[in-house]
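Trainee: Kindly return the folded structure for what I paste below:
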Amino acid sequence: MSQREPSHPPSDPRPTRARSSGDGFPTAERPPRAQLVAAAVVGLLLVAGGLYMWRRPHASSDAAGSEAASPSASALAVEDPHNPGASVAMLDAGGPSPVSLSEARILGCHDKGARKTPADQCDHVATVEQALAQAIAQSASCSASSPGGTIEYVADVSFSRRKVRISLPRSGRSLRDRKVIGACGAAVREAMDAVALDGTDHEHARYKISVIATYRGKISG
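Mentor: Next comes the predicted model:
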């Protein structure tokens, strides 16, 4: 009896078998699990790369916008012409104040009669002290033509007479220009004439209050 020859040559690869779906139709074999994992990893890398490229331009534009919105430190300062290399902070267009003031100092206080109260036992009259400082500051332009210096303003406050007198002692000033001294004194006196003493808290009938003003004077070009 002759041996049956195979239907395909031995050298040919073995044909792939098709699995049956159970209804008589063949189905293709599922791809190996390693290929599915590799495909998922590639997909995730593509999505991550797309998100990175999409967000990168927005970050750079936001940074540029913030730099444009906030000025540099050099834009907030100007160079001092009297001291090259140094800068003076400018809070407004007016620049540094033309005058600086000392704290108000009580020189003395007393009531009717011969009894006098030591200066360190006198109470402060805050309303008058603030009014005097404001009057000096608002009239600071009176020293525009001077080379600068100090002027002491002494307010003689009488609650019994309801009056404030302003004097400028020679011992308390280094500014020598009489014209400037007269203009500054007149401006401060005019401002203090409008101060109302009614309702001001005080313990004594009369006070002497001192404030020393230091004027910068004119700036030479």
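Trainee: Can you tell me the closest non-neighbouring residue to residue 206?
Mentor: Of all residues not flanking residue 206 in the chain, residue 158 sits nearest, at 5.2 Å (Cβ to Cβ, 6 or more residues apart in numbering). For the C-beta atoms, the positions are set from N, CA and C on the backbone; glycine is no exception.
Trainee: I'd guessed the one you found sits against residue 202; true?
Mentor: No: assessed by Cβ atoms under 8 Å, residue 158 is found out of contact with residue 202, at 10.8 Å.
Trainee: Of those two, which one has the most company?
Mentor: A side-by-side neighbour count of residue 158 and residue 202, using other Cβ atoms under 10 Å, places residue 202 first with 18 against 13.
Trainee: Three-state assignment for that one, please.
Mentor: When classified by DSSP: H, G, I helix; E, B strand; the rest coil, residue 202 comes out as coil.
Trainee: if I look at it, how far off is residue 43?
Mentor: 86 Å (Cβ to Cβ, to the nearest Å).
Trainee: Same check on residue 196?
Mentor: Residue 196 is 84 Å from residue 43, by Cβ to Cβ.
Trainee: ok, back up a step: tell me which residues touch the residue nearest to residue 206, please.
Mentor: Contacts were defined as Cβ atoms under 8 Å, 6 or more residues apart in numbering; by that measure residue 158 touches 164, 165, 205, 206.
Trainee: Put the buried members of those residues into a PyMOL selection.
Mentor: Buried subset of the contacts of residue 158, written as a PyMOL selection, criterion 16 or more other Cβ atoms under 10 Å:
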select buried, resi 164+206
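Trainee: What are the boundaries of the strands in the protein?
Mentor: Secondary structure of the chain, counting by DSSP state E: strands at 19-20, 26-27, 77-79, 87-89, 99-101, 105-110, 116-117, 149-158, 163-167, 206-215.
Trainee: With just CA atoms, put stretch 129-147 into PDB.
Mentor: This file holds the C-alpha atoms of stretch 129-147, laid out as PDB (Å, rounded to 0.1, in the frame of the first residue of the first chain):
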ATOM      1  CA  GLU A 129       1.300 121.700  66.400                       C
ATOM      2  CA  GLN A 130      -0.200 120.000  63.300                       C
ATOM      3  CA  ALA A 131      -1.500 123.300  62.000                       C
ATOM      4  CA  LEU A 132       2.000 124.900  62.400                       C
ATOM      5  CA  ALA A 133       3.800 122.100  60.600                       C
ATOM      6  CA  GLN A 134       1.200 122.200  57.800                       C
ATOM      7  CA  ALA A 135       1.600 126.000  57.400                       C
ATOM      8  CA  ILE A 136       5.400 125.700  57.100                       C
ATOM      9  CA  ALA A 137       5.200 122.900  54.600                       C
ATOM     10  CA  GLN A 138       2.600 124.600  52.400                       C
ATOM     11  CA  SER A 139       4.600 127.800  52.200                       C
ATOM     12  CA  ALA A 140       8.000 126.100  51.500                       C
ATOM     13  CA  SER A 141       8.200 127.800  48.100                       C
ATOM     14  CA  CYS A 142       9.200 131.000  50.000                       C
ATOM     15  CA  SER A 143      12.800 129.700  50.100                       C
ATOM     16  CA  ALA A 144      13.100 128.900  46.400                       C
ATOM     17  CA  SER A 145      15.600 131.700  45.800                       C
ATOM     18  CA  SER A 146      17.700 131.000  48.800                       C
ATOM     19  CA  PRO A 147      20.800 128.700  49.100                       C
END
